[in-house]
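Asker: task: produce atomic coordinates for the following.
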Amino acid sequence: MSLVLDAGALVAVERANRDTIALIKQELLAGRTPLTHGGVVGQVWRGGSGRQANLARLLPALDIAGLDDTLGRRAGILLGRARMADVIDAALVLLATDGDFLLTSDPNDLERLATSAGLHVDIVPV
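Answerer: Alright, predicted model coming up:
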């Protein structure tokens with residue numbers, strides 16, 4: 001089981017959302033590394049100063065996958081199957097495996113993508 005983080009989860013960390021931080025901390029204490037990909041980081045990263053200090057401290061503790069050609073092509077195929085357009089969300093869903101938890105501010109879209117990918121994941125709204 002892994003915890004997969006979308007941009008909404010990272011924004012929640014920036015805003016010091018206690019519930020989100022507690023979930024991530026619980027994963028880290030259990031020896032599991034939460035994951036995301038570089039496109040998600042790009043959606044929220046604005047330089048790390050000021051209010052992004054919390055996010056800047058968290059990022060080194062995450063497994064951040066590259067959004068490379070292979071993942072991009074797989075995301076495009078999933079988007080075609082789901083009849084959707086957000087490559088960042090599609091690539092994020094493809095990082096998950098059955099039984100994972102996806103922390104998101106966009107539960108409807110991620111649920112639709114996960115269903116189209118044939119994944120059985122738990123969507124956790126933030």
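Asker: hmm, who's touching stretch 38-58?
Answerer: Outside stretch 38-58, the residues that touch it by Cβ atoms under 8 Å, 6 or more residues apart in numbering are 5-7, 10-11, 13-16, 21, 24, 59, 64-67, 87-88, 91-92. To be clear about C-beta, it is placed using only N, CA and C from the backbone, and glycine gets the same treatment.
Asker: quick check: end-to-end length of that stretch?
Answerer: Start and end residues of stretch 38-58 are separated by 14 Å (Cα to Cα, to the nearest Å).
Asker: can you select the buried ones from the contacts of stretch 38-58 in PyMOL?
Answerer: Here is the PyMOL command that selects the buried residues among those (16 or more other Cβ atoms under 10 Å):
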select buried, resi 5+6+7+10+11+13+14+24+64+65+67+87+88+91+92
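Asker: where do the helices of this protein begin and end?
Answerer: Secondary structure of the chain by DSSP state H: the helices cover 7-14, 18-29, 38-44, 53-58, 69-82, 87-95, 107-117.
Asker: worst mean pLDDT among those?
Answerer: Here the helices of the chain differ in mean pLDDT, and the lowest is helix 53-58 at a mean of 93.
Asker: what's the pLDDT at the residue of the chain positioned farthest from its centre?
Answerer: Largest separation from the mean C-alpha position in the chain: Gly50, at 22.7 Å (Cα atoms, centre = their mean). Looking at Gly50, its pLDDT stands at 75.
Asker: can you pull the pLDDT of Arg32?
Answerer: Predicted confidence (pLDDT) at Arg32: the value is 97.
Asker: residue contacts, it?
Answerer: Going by Cβ under 8 Å, 6+ apart, Arg32 touches Met1, Ser2, Leu3.
Asker: of those, closest to Gly99?
Answerer: For the contacts of Arg32, the minimum distance to Gly99 (Cβ to Cβ) is 5.1 Å, reached by Met1.
Asker: okay, the helices of the chain in TSV with distance to Val124 next?
Answerer: What follows is the helices of the chain, written out as TSV (distance: least, Cβ to Cβ, whole Å):
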stretch	distance to Val124
helix 7-14	9
helix 18-29	7
helix 38-44	15
helix 53-58	17
helix 69-82	20
helix 87-95	13
helix 107-117	8
